[in-house]
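Asks: take this sequence and fold it.
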Amino acid sequence: MIGDLLNPPRGARPSQQAGPPRSLRLIGVVLAALLALPLLYLLLRAAEMGPSDLAAILLRPRTVDALWNSVRLAAATTLTTTLIAVPAAWLTTRTDLPARRLWLILLVLPLVFPSFVGGYVVVSALGPRGMMQGWLETLFGIQRLPEIYGFPGALLTMTLFTYPYTLLSVRAALQGLDPALEESARSLGLTAWQSFFRLTMPLLRPAIVAGGLLVALYTLSDFGAVSLLQYDALPRVILVQLTASLNRGGAAILSLLLAIVTLIVLIFEARSAARTRYYSVGSGAKRRHSRVALGKWRGIALTFCATVVGWALVMPLAVLLFWLIRGLRAGEPMRALWSLTANSLYASGLAALATTLVALPIAFLVVRYPSLLSRVVGRVAYMGYGLPGIVVALALISFGATYATPLYQTLVMLVFAYVVRFLPQALGTVESALQQLSPRVEDAARSLGYGPLQVLGRVTLPLARNGIASAAALIFLTTMKELPATLFLSPLGFRTLATRIWDTTSEGFFAQGAAPALVLVFFSAFSLLPILVATRER
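Replies: This next block holds a predicted model:
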């Protein structure tokens, strides 16, 4: 690369082009149009229906109930996860909790369980005739546990496996607060508890909102857990509309309604963040925080952490291992596991490659050539953040069956769905990597006669390779856990770990789903390694 800069092509002259090259603009526009396709198709399907048909679908009791159920579950899950995450973050960051680093790892690990695996665990452990009921009946003669299906089970499942989003956000905020603020409060006579509730908690509001946003979006878009627990949220009603009544038009309207609710949550969070500013004025020097002595509260703190870890980590692993051993003893074949794993790795690898390739020109356009065009392209690319997987899947099913039959139920359509869904994750990582590179290096290459695309390929990409590799790894691991798009868009006979888990557990064959679930959890655990490194004690 250095040799190319010192020896530019013969006859090359410095380029003073202020805007992006025409080819990059064209690539950005084409990609934006493709990424907007699912939402545009849903809008077109809605426009094709008459006002009376739209009103009949949107105002019928089941639609209203499903909308209320989705909003209620998202709000309740956000609240319960906050009640768990804030104390856990504070205990592992600011106190003398014994083995707090170990507790942090254990408290974050539930993120490795996809929601549909969590639903499988809750149903098999706490459902009618489940593991716990069987043990209680043997020991104490208890023949029936409280009903787990519906809202209680959905809330429990979503809480157990999403609270780490808020925990990580709040912990990062606690580490970034200036210790002088709390020290000043303590010098004025406030106790540690008074200082926390009067000073620290208000300063943590942006982090709590950010973590709660992730929890709410995850809950609104969840398909697997609410279906297994028979809770009629919008994703489950969309599935029933599509499979039972074969009404694609009605399912498209419900999908558009779910996308609108998700976008409203995003807009609310953006406006809340814009009105909120919390920063300190000072030298900016970082100092270690003093540890709060728990004293007589130490036992309660340890009990709290142990209870959360027991329910969110130990119980799921114990249930999966129980069903795995039971399946092996019953002679459950494991041969298919290798092909399922190979298919998952293959599809995830294609998705990681395709998503990263799409993210590169868009990120370069947004970071290096800010303009109206780049803002529009960037916002369209981030639209997938507000489109649940079942919405993307349904839009592409309808579009493919009607207008793109050669691509219908092919890997091309499946990978495209992955790109739409997870491009925002890759974009954020790639944009961050590009923003850390000085534009002067690129300007030097341009002054030596290289065009923008040559600079991108020979200078920018090699320097940003670590960020690009991180984006690809994140997409790879996230794609393995995606259920709705994989379930509805996979080619005939192409089964993955996620679809195998769904097929077996939705029919109650828990032993058959244990091995694929454990393999999926094993691969998901690798996605937490960078997070655990980033949250290590400073």
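Asks: and the helix or strand harbouring residue 76, what other elements does it pack with?
Replies: Using DSSP states H and E, residue 76 maps to helix 61-94. Applying 3 or more Cβ pairs under 8 Å, 6 or more residues apart in numbering; DSSP states H and E, we find helix 61-94 packed against helix 100-108, helix 151-176, helix 205-221, helix 234-243, helix 248-275, helix 298-309. For every residue, glycine as well, the C-beta is placed using N, CA and C.
Asks: where do the domain boundaries of the protein fall?
Replies: 18-46+336-506, 60-274+301-328 (automatic domain parsing).
Asks: for residue 529, find the nearest of those.
Replies: Taking Cβ to Cβ, domain 18-46+336-506 is the member of the domains of the chain nearest to residue 529, at 9.6 Å.
Asks: what mean pLDDT does the closest one get?
Replies: Average pLDDT, domain 18-46+336-506: 85.
Asks: just send the domains of the chain back as a markdown table, with distance to residue 522 too.
Replies: Formatted as a markdown table, the domains of the chain follow (distance: least, Cβ to Cβ, whole Å):
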| stretch | distance to residue 522 |
| --- | --- |
| domain 18-46+336-506 | 10 |
| domain 60-274+301-328 | 8 |
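Asks: CSV please, covering these and showing mean neighbour count and distance to residue 526.
Replies: As requested, these are exported to CSV (neighbours: other Cβ atoms under 10 Å; distance: least, Cβ to Cβ, whole Å):
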stretch, mean neighbour count, distance to residue 526
domain 18-46+336-506, 20, 6
domain 60-274+301-328, 19, 9
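Asks: how about those, which one is nearest residue 52?
Replies: Among those, the nearest to residue 52 by Cβ to Cβ is domain 60-274+301-328 (12.3 Å).
Asks: out of the domains of the chain, the one nearest residue 518 is which?
Replies: Proximity to residue 518 (Cβ to Cβ) singles out domain 60-274+301-328 among the domains of the chain, at 5.3 Å.
Asks: need the distance between the two termini of that closest one.
Replies: In domain 60-274+301-328, first residue to last residue: 48 Å (Cα to Cα, to the nearest Å).
Asks: just stretch 216-235 next, same as before
Replies: Start-to-end span of stretch 216-235 (Cα to Cα) is 14 Å.
Asks: residues in contact with the residue nearest the centre of the chain?
Replies: Centroid-nearest residue in the chain: residue 218, 6.5 Å away (criterion: Cα atoms, centre = their mean). Each residue near residue 218 by Cβ atoms under 8 Å, 6 or more residues apart in numbering is listed here: 115, 158, 162, 165.
Asks: the second one and residue 215, how far apart?
Replies: Going back to what we said before, that points to residue 158. According to Cβ to Cβ, to the nearest Å, residue 158 and residue 215 sit 8 Å apart.
Asks: and for those two, which residues touch both?
Replies: Common neighbours of residue 158 and residue 215, using Cβ under 8 Å, 6+ apart, are residue 77.
Asks: what distance do you get for residue 41 to residue 400?
Replies: For residue 41, the distance to residue 400 (Cβ to Cβ) stands at 10 Å.
Asks: got it, and residue 108?
Replies: Per Cβ to Cβ, residue 108 is found 38 Å from residue 400.
Asks: now residue 256
Replies: 18 Å.
Asks: which residues of the stretch 401-538 of the chain fall in helices?
Replies: Taking DSSP state H, counting those that start in this stretch, the helices of the stretch 401-538 of the chain run over residues 411-435, 439-447, 452-455, 461-463, 465-480, 484-489, 497-505, 510-526, 529-534.
Asks: residue contacts, the nearest residue to residue 87 once chain neighbours are set aside?
Replies: Nearest non-adjacent residue to residue 87, counting by Cβ to Cβ, 6 or more residues apart in numbering: residue 304, 6.5 Å away. Listed by Cβ under 8 Å, 6+ apart, the contact partners of residue 304 are 87, 88, 91.
Asks: one more time with 10 Å, if that's ok
Replies: 84, 87, 88, 91, 97, 103, 297 (Cβ atoms under 10 Å, 6 or more residues apart in numbering).
Asks: surely the third one meets residue 305?
Replies: Yes: judged on Cβ atoms under 10 Å, residue 88 makes contact with residue 305 at a distance of 6.8 Å.
Asks: what is in contact with the two at once?
Replies: Each of 97, 103, 104, 107 lies in contact with both residue 88 and residue 305 under the rule Cβ under 10 Å, 6+ apart.
Asks: tell me which of the residues you listed is nearest to residue 392?
Replies: Nearest to residue 392 among the shared contacts of residue 88 and residue 305 is residue 107, at 31.4 Å by Cβ to Cβ.
Asks: how about that closest one: what's its closest non-neighbour residue?
Replies: residue 88 is the one closest to residue 107 (Cβ to Cβ, 6+ apart), at 5.3 Å.
Asks: ok, now how distant is the one you found from residue 368?
Replies: To residue 368, residue 88 is 40 Å away according to Cβ to Cβ.
Asks: same check, this time on residue 110
Replies: 39 Å.
Asks: check residue 476 too.
Replies: For residue 476, the distance to residue 368 equals 26 Å [Cβ to Cβ].
Asks: what mean pLDDT does stretch 161-178 have?
Replies: Stretch 161-178 comes out at a mean pLDDT of 86.
Asks: ok, which of the helices of the stretch 401-538 of the chain comes nearest residue 338?
Replies: Nearest of the helices of the stretch 401-538 of the chain to residue 338, taken as Cβ to Cβ: helix 510-526 at 9.8 Å.
Asks: buried stuff in the closest one?
Replies: Residues of helix 510-526 classed as buried: 510-521, 523-524 (neighbour count, 16 or more other Cβ atoms under 10 Å).
Asks: for these, which one is nearest residue 63?
Replies: When those are compared for distance to residue 63 (Cβ to Cβ), residue 513 wins out at 31.4 Å.
Asks: so who does the closest residue to the closest one other than its chain neighbours touch?
Replies: Ranked by Cβ to Cβ, 6+ apart and with sequence neighbours excluded, the top spatial neighbour of residue 513 is residue 504, at 3.8 Å. Applying Cβ under 10 Å, 6+ apart to residue 504 gives the contacts 120, 510, 511, 512, 513, 514, 515, 516, 517.
Asks: repeat that with 8 Å
Replies: Counting by Cβ under 8 Å, 6+ apart, residue 504 makes contact with 510, 512, 513, 516.
Asks: quick check, the third one in contact with residue 323.
Replies: Yes: counting by Cβ atoms under 8 Å, residue 513 touches residue 323, with 7.4 Å between them.
Asks: now do the shared contacts for those two.
Replies: Among the neighbours of residue 513, none is also in contact with residue 323 (Cβ under 8 Å, 6+ apart).
Asks: report pLDDT for residue 294.
Replies: Looking at residue 294, its pLDDT is 85.
Asks: quick one: the nearest residue to residue 359 once chain neighbours are set aside from residue 470, how far?
Replies: Distances taken as Cβ to Cβ, 6+ apart place residue 426 nearest to residue 359, at 4.0 Å, with adjacent residues excluded. Residue 426 sits 9 Å away from residue 470, going by Cβ to Cβ.
Asks: one more: residue 415?
Replies: Relative to residue 470, residue 415 is positioned 20 Å away (criterion: Cβ to Cβ).
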